[in-house]
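Enquirer: build me a model:
(2 chains)
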Amino acid sequence: MKLIFDISKPGRRGSTIPAADVPLTSNIPENLKRKAPAELPEVSELDAIRHFTLLSRMNMGVDTHFYPLGSCTMKYNPKMHERVATLPGFANLHPLLPQLRHGAALTQGALAVIYEAEMILNELLGFARSTMQPLAGSHGELSGVMLIAAYHKDRNDLQRKTMLIPDAAHGTNPASAAVAGFSTKVVATDTNGNVDINDLKKQLGPDTAGLMLTCPNTLGLFDPNVSEICRLVHDAGGLMYCDGANFNAIIGRLRPGDIGFDVMHVNLHKTFATPHGGGGPGSGPVGVAECLVPYLPVSIIEKRPDGSYALEYERQKSIGYIAPFYGNFGVILKAYAYMLSMGAEGFRRVSENAVLNANYIRAKLAPYYAQAYDRTCMHECVFSASKQAANGVHALDIAKALIDRGFHPPTIYFPMIVPEALMIEPTETESIETIDEFIDAMIDIAKAAEADPDSLTSCPLTTPVSRPDEARAARSPDLSA
Amino acid sequence: MLEVTGCSNFDELWRKAGLNFPHPALTVPEGKSEFEVSSKLERLAGKNHTHLVNFVGLGYYDHIIPAAVGEICGRSEFYTAYTPYQPEASQGTLQAIYEYQSAISRLTAMPVVNASLYDGGTALFEAMMMAVRITRKRRAVISGAVSPIFRKMIQCYSGNLDIELVEIPAVGVISAQDKLLEAIDDATACVIIQYPNVFGTLEDWSNFVEEVHKKKALAICSTYPLALPVITPPGEMGFDIVTAEGQSLGIPLSFGGPYLGVMAVQEKHMRRMPGRICGRTLDKNNKESYVLTLQAREQHIRRENAMSNICSNENLCALSALVYMSCMGKQGMIDVAQLCAAKAVFARNELLKIDGVEAVGEEPFFNEFVIQLPEDAAEITGRLIDKGFAPGFPLGRYYPERSNQLLIAVTEKRTREDIKSLANALEAVL
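Expert: Coordinates of the predicted model:
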């Protein structure tokens, strides 16, 4: 499709603005006046709307397709949430208003949203307090491990510079630990897909700051030794970080704070049904046990005895400003709407059905695809396309073949410890009919991989473009027009 | 479905999955219907007073947003998709990112732009870390005329990283260019400035950037995108890295987010830039297509050695910015910027007519400026809020020695009447 710049015609514009009601003077000096105008599009509103509407139709989204992208929790995003976020009382509110004198009284509704969402989150996680500020999941990870760093520093326990991270972890875990100033050590996964306890014991020492454990783990498995792992790390003087990317599997069923975790982030854009936006904005609140509360970033919101809400900036041990304000408010607001809709019973049904749907797919596809680990999974099931790869059909080919059959592919080649990984997360919001259709497509592909493997390696055929040449893109980058 | 999994009930399913913990008793509010939840949230929205006539900026501005922006970003083919890891199924998102990168490149006059970062503050921190990686030095000089919010964020993130931050205070409403240059030593990775600076002042940085380069450091600029249609773009001044809070490009204030972290760099630094980048390539049939590229920089491949821990971008906000720049267009962007600048000049003149209100410097500015009040600016702000005006940002909050100074932002939304009424109200409360 043509670029918006290519449909540009000199003199066209797609907006009107008020006529000047003051003299059109400025005091921009000659040497700072822009000489050549920025060559931005010149299009009518219709040109723009048609261009972007047509672009949107070149996307798969949850609203158009089943989207079982493992570890991303592509559940349905209820429409009421979207509408609420556009209410002028929220959308037009300047974040600095509550920091002005007499301003807090004029932002009570917004402060209430953040505080009350935090309270529900605290209850679901089993933690004392949370910060709603982190702007994405990996930003939550970074904030969380910075809290761990602040904790050890405050105790003058300065040798604790090593963060332990299982080899199955998402790449953001070691990257976040590095940005927080830790060196990282890898903990092996055992043959059942759990943390290798013996390896963990070997790695623990006086330098251990903590362990970042994804629970359930990135293989979609619940580690039955999680309590022991927490105990071992605590005994060694470390803290337990829970990567809550997979919280959808246990929400309402298990509170990580109850079983020994000290700090945890959740992704509102996964478990709490806020949209993924094609890659953001996300939101990654971090919950903490009592021992980490003093270090939480500023500000935190407090509820006063008279029922009003206030920003608290005077916190001596706080790590400081991780975000400009109070977090991605628009996202927190949608998550709050979701929390209010669900209730305890609703949350329980979320995790039950998420786990049931994944195990249903696992059972149905087990005869056709090799399971990474042959055991009951949580909210996602991980297969290896190793059988198909023997015929020259790789995980990538299966993904592309699914696109032609009307499904967004699962996550592929992650976790890295599973060769030819296919990670399928159906979520609780899909019906059995949709899931059955997906299973049929997967079986169809498995059969084609036996009978006619070549038919799969040229997929997809139904999309606006076929497989792009990624090597060319990286070799001679063309990054703007 | 349970039978297929070999379980007769959910408890058995949990047990088989290895989860043997008892069910928690949760005290959360009981689930409510759509109508009840939306009514509750409408009530809460009503408790926020957005009727105030707003002159508060400090990097976050109340601009007009064309309806088309919300309509396009409200298309669920965009907002219910995820990161375009499967390019064939995500050409819409990918082409939009490519167009966003192109538009920002043209606006900033910088050749390479990424798909966006979280916000202006995190983008500026990432820029500093990029300079640290490129120069292999661990010292950064930062101007006190950079947003105090951004400086606090950078301090927070640098805390564990063995990076020396040297802050050079502003003089009046001017960045101390000479002192910034003097502060550069052999161990300095970069100098960080803001243009227009946090007080709204416009300064020429061309010679400064040359001097920075002579001292083997990188020059980093945090900018205000909506000023760029009318002021010399930072790319023409030679900056190595340009970042911005992109909220002014069609993104609602929304009480602090989601916003948009803009990052643009010179070509030679392309492979050291954090964040996602979209590239144009050809598919198997030689058809133009778009993919995420240069991924060898990123955490999912490099893990602890990645350029950054950032995984996502602020994609939908980048789309907002693109649709905004397309609908406003080449001339509309210039018109908006000129209106902002003209109204700011008008407002400053009106306010300076008031007895006891004084100018702070006579330097050129874009749409934000500082005035000196006869009393504590925070106190006067409180009085004006009671009269329906958010008159500006009292600088004493971040600059204790400036307790009588008020930073006032004027956008194209403020009318002559709004400005006159503010002046009258201010005069009345002094």
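Enquirer: all strands of the stretch 101-250 of chain B, in order?
Expert: With DSSP state E, counting those that start in this stretch as the criterion, the stretch 101-250 of chain B has strands at B:112-113, B:139-143, B:164-168, B:188-195, B:218-223, B:241-245.
Enquirer: most tightly packed of those strands?
Expert: Among the strands of the stretch 101-250 of chain B, ranked by average contacts under mean count of other C-beta atoms under 10 Å in any protein chain shown, first place goes to strand B:241-245 (a mean of 30). In this view, the C-beta of every residue, glycine as well, is placed from N, C-alpha and C.
Enquirer: what's that strand packed up against?
Expert: Here strand B:241-245 touches helix B:120-135, strand B:218-223, strand B:261-265, going by 3 or more C-beta pairs under 8 Å, 6 or more residues apart in numbering or on different chains; DSSP states H and E.
Enquirer: partners of the next helix or strand after the shortest one, with directions?
Expert: Read that as strand B:261-265. Per DSSP states H and E, the first helix or strand lying C-terminal to strand B:261-265 is strand B:278-282. Here strand B:278-282 has these sheet partners by DSSP bridges: strand B:288-292 (antiparallel).
Enquirer: can you pull the buried residues of the helix or strand following the partner strand?
Expert: Of the helices and strands lying after strand B:288-292 in sequence (DSSP H and E), the nearest is helix B:299-302. Buried positions in helix B:299-302, judged by neighbour count with 16 or more other C-beta atoms under 10 Å in any protein chain shown: B:299-300, B:302.
Enquirer: tell me the pLDDT of the nearest residue to residue B:172 once chain neighbours are set aside.
Expert: Distances taken as C-beta to C-beta, 6 or more residues apart in numbering or on different chains place residue B:361 nearest to residue B:172, at 4.5 Å, with adjacent residues excluded. With respect to pLDDT, residue B:361 scores 91.
Enquirer: so how many other residues sit close to residue B:361?
Expert: 15 (other C-beta atoms under 10 Å in any protein chain shown).
Enquirer: so how far is chain A from it?
Expert: 12 Å (C-beta to the nearest C-beta, to the nearest Å).
Enquirer: does that residue touch residue B:173 like I think?
Expert: Yes - at 4.3 Å, residue B:361 counts as touching residue B:173 under the criterion of C-beta atoms under 8 Å.
Enquirer: need the residue closest to the centroid of chain B.
Expert: residue B:245 (1.6 Å; C-alpha atoms, centre = their mean).
Enquirer: which residues touch the residue nearest to that residue when sequence neighbours are not counted?
Expert: Distances taken as C-beta to C-beta, 6+ apart put residue B:120 closest to residue B:245, at 2.7 Å, once the chain neighbours are dropped. By C-beta atoms under 8 Å, 6 or more residues apart in numbering or on different chains, residue B:120 lies in contact with A:324, B:59, B:147, B:150, B:222, B:243-247, B:259-262.
Enquirer: and the pLDDT at residue B:120?
Expert: 98.
Enquirer: helix or strand right after the helix or strand bottoming out on mean pLDDT in chain B?
Expert: Confidence across the helices and strands of chain B bottoms out at helix B:299-302, with a mean of 78, counting by mean pLDDT, DSSP states H and E. Of the helices and strands lying after helix B:299-302 in sequence (DSSP H and E), the nearest is helix B:315-352.
Enquirer: counting contacts, what elements does the next helix or strand after that next one pack onto?
Expert: On the C-terminal side of helix B:315-352, the nearest following helix or strand under DSSP H and E is strand B:358-359. For strand B:358-359, the packing partners by 3+ C-beta pairs under 8 Å, 6+ apart come out as helix B:315-352, strand B:368-372.
Enquirer: tell me how far strand B:358-359 is from the chain's mean position?
Expert: Relative to its parent chain, strand B:358-359 has a centroid offset of 29 Å by C-alpha atoms, centre = their mean, to the nearest Å.
Enquirer: partners of it in the sheet?
Expert: strand B:368-372 (antiparallel).
Enquirer: orientation of the helix or strand just after the partner strand relative to strand B:368-372 in degrees?
Expert: Toward the C-terminus, strand B:368-372 is succeeded by helix B:377-386 as the next helix or strand (DSSP H and E). Taking axes from the mean of the first three to the mean of the last three C-alpha atoms, to 10 degrees, one finds helix B:377-386 and strand B:368-372 inclined to each other by 110 degrees.
Enquirer: and the contacts of helix B:377-386?
Expert: Contacts of helix B:377-386 with the rest of the structure, by C-beta under 8 Å, 6+ apart, involve A:100-103, A:106, B:52, B:373, B:390-392, B:394-397, B:403-406, B:422, B:425-426, B:429-430.
Enquirer: now, those that are in strands?
Expert: B:390, B:394, B:405-406 (DSSP state E).
Enquirer: nearest to chain A, of those residues?
Expert: Taking C-beta to the nearest C-beta as the measure, chain A sits nearest to residue B:390 out of these, at 6.2 Å.
Enquirer: check what pLDDT that closest one gets.
Expert: 97.
Enquirer: just to revisit the earlier point, closest to residue B:41 among the contacts of residue B:120?
Expert: residue B:259 (21.5 Å; C-beta to C-beta).
Enquirer: give the residue spans of chain B that score low on pLDDT.
Expert: Of all residues in chain B, none has pLDDT under 70.
Enquirer: generate a markdown table for the helices and strands packed on strand B:358-359, with mean neighbour count as supplementary columns.
Expert: As requested, the helices and strands packed on strand B:358-359 are arranged in a markdown table below (neighbours: other C-beta atoms under 10 Å in any protein chain shown):
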| stretch | mean neighbour count |
| --- | --- |
| helix B:315-352 | 25 |
| strand B:368-372 | 24 |
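Enquirer: so which helix or strand takes in residue A:418?
Expert: Using DSSP H and E, residue A:418 falls outside every helix and strand.
Enquirer: so what's the residue count around it?
Expert: 25.
Enquirer: hang on, the earlier thing: doesn't residue B:263 make contact with the residue nearest to the centre of chain B?
Expert: No - Residue B:245 is beyond contact range of residue B:263, at 11.3 Å (criterion: C-beta under 8 Å).
Enquirer: can you pull the residues that touch both of these two?
Expert: Joint contacts of residue B:245 and residue B:263 (C-beta under 8 Å, 6+ apart) are residue B:123.
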